[in-house]
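>>> how would this look folded up:
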Amino acid sequence: MNNPPSQDHTVGEGTISEPRLAASVILLRDSPGGLEAFVQHRVSTMDFAAGMVVFPGGRVDAADASGWDYPADLLQRHAAAWSSSSIGTGTDSDSGAGTNSAQAETKAGTVLTAAIREVQEESGLSISAADVRPWANWITPTDMPKRFDTYFYLAKPSPGAEPRHQTTEAWQSLWMPVEGILEAEAAGTLKLMPPTYYLLKEIAEFETVDAVWSAEHAVVPVLAPVGSLAAFLKERESRR
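From the prediction side, this is the model:
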């Protein structure tokens, strides 16, 4: 399964929970052996992605909507990158109108703030908005009880800046070779959520951080089919 699941907006029976906005950051660095990503091994008691290896991230909070002042051109680039996502296609509840450019830029700034905040909280690393690039948007399937509309960013820490393990949601946080993560997943020694797996497969095609950063990469939101998580985990288990 090297390609992301096709989008499927078919809903299951019963009430479908509304996906909450979330942000996740793929911290990358170059190493003699190839690209490395900073990942966290979540504890087994978590109510979401328990025992999985994930990127730093979390829910967007109300406080993320204020207190920031990003350059206008940066917000415009981010809003344009997210134009096919809920940031660009949402509806204004007051007027019933679709999202305009100013609203899209405000939403882009809010989610970006959440991404930067989560990295600081979970790894003690301060990253600049200029060193963060929109990369992907995944929405939890409609049959899951807890759902997220997650915005994935690439980020390249400043030279000498080092993230560390400091979150209670994970028992370990560390740099790992991208290829090594995928090999360990294939061997069954660690587990990945589908978005993490597919995004790492994409990134593994590049040799350096600069190569990833400069690549053309349109953000196409992925709403995976109902039952896809169980199917993904079953398929991965059957190959081990």
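>>> so where's this protein shaky on pLDDT?
1-14, 43-51, 91-99, 168-171, 229, 233, 236-240 (pLDDT under 70).
>>> quick one: residues contacting the spatially most central residue of the chain.
In the chain, the residue lying closest to the centroid (CA atoms, centre = their mean) is F152, at 2.9 Å. By CB atoms under 8 Å, 6 or more residues apart in numbering, F152 lies in contact with 23-26, 55, 57, 134-138, 195, 199. Glycine gets a C-beta too; all of them are placed from N, C-alpha and C.
>>> what do you get if the cut-off is 6 Å, keeping everything else the same?
24, 135-136 (CB atoms under 6 Å, 6 or more residues apart in numbering).
>>> what is the nearest of those residues to W68?
S24 (18.5 Å; CB to CB).
>>> quick check, that closest one in a strand?
Yes. Applying DSSP: H, G, I helix; E, B strand; the rest coil, one finds S24 inside a strand.
>>> how much space separates the nearest residue to it once chain neighbours are set aside from A230?
Excluding the flanking residues, the one nearest S24 by CB to CB, 6 or more residues apart in numbering is G57, at 3.0 Å. To A230, G57 is 23 Å away according to CB to CB, to the nearest Å.
>>> of those two, who's got more company?
Per other CB atoms under 10 Å, whichever of G57 and A230 has more neighbours is G57, with 21 against 12.
>>> which residues does the residue nearest to the centre of the chain bridge with?
S24, A136 (DSSP bridges).
>>> from E235, how far out is it?
On the measure of CB to CB, F152 and E235 end up 22 Å apart.
>>> the residue nearest to S24: what's it in contact with?
23-25, 118.
>>> try it again at 10 Å.
22-26, 40, 114-115, 118-119, 122, 148, 150-153 (CB atoms under 10 Å, 6 or more residues apart in numbering).
>>> next one: A80
Contact partners of A80, counting by CB under 10 Å, 6+ apart, are 88, 101, 104-105, 108, 134, 219.
>>> which SS class is it?
Going by three-state DSSP: A80 is helix.
>>> I'd like the distance between it and E185.
Note on A80: its distance to E185, by CB to CB, is 33 Å.
>>> please apply the same query to Q103.
According to CB to CB, Q103 and E185 sit 38 Å apart.
>>> go on, D149?
Counting by CB to CB - D149 and E185 are separated by 24 Å.
>>> give me the neighbour count for V219.
V219: 19 surrounding residues under other CB under 10 Å.
>>> then it would be within a helix, right?
No. Assessed with three-state DSSP, V219 is coil; it does not lie in a helix.
>>> circling back: the more surrounded of D149 and E185?
Counted by other CB under 10 Å, D149 and E185 do not tie: D149 has more neighbours, with 22 against 18.
>>> how close does the more buried one get to P159?
Counting by CB to CB - D149 and P159 are separated by 33 Å.
>>> equivalent analysis for R77, please.
For R77, the distance to P159 - CB to CB - is 24 Å.
>>> and these two? which has more neighbours close in?
R77 (15 against 6).
>>> confirm the more buried one sits in a helix?
Yes. Counting by three-state DSSP, R77 is found in a helix.
>>> my guess is F55 meets I26, correct?
Yes. F55 is in contact with I26 according to CB atoms under 10 Å; the separation is 5.1 Å.
>>> need the residues touching each of those two.
The contact lists of F55 and I26 share 37-39, 152-153, 155, 196, 199-200, where a contact means CB under 10 Å, 6+ apart.
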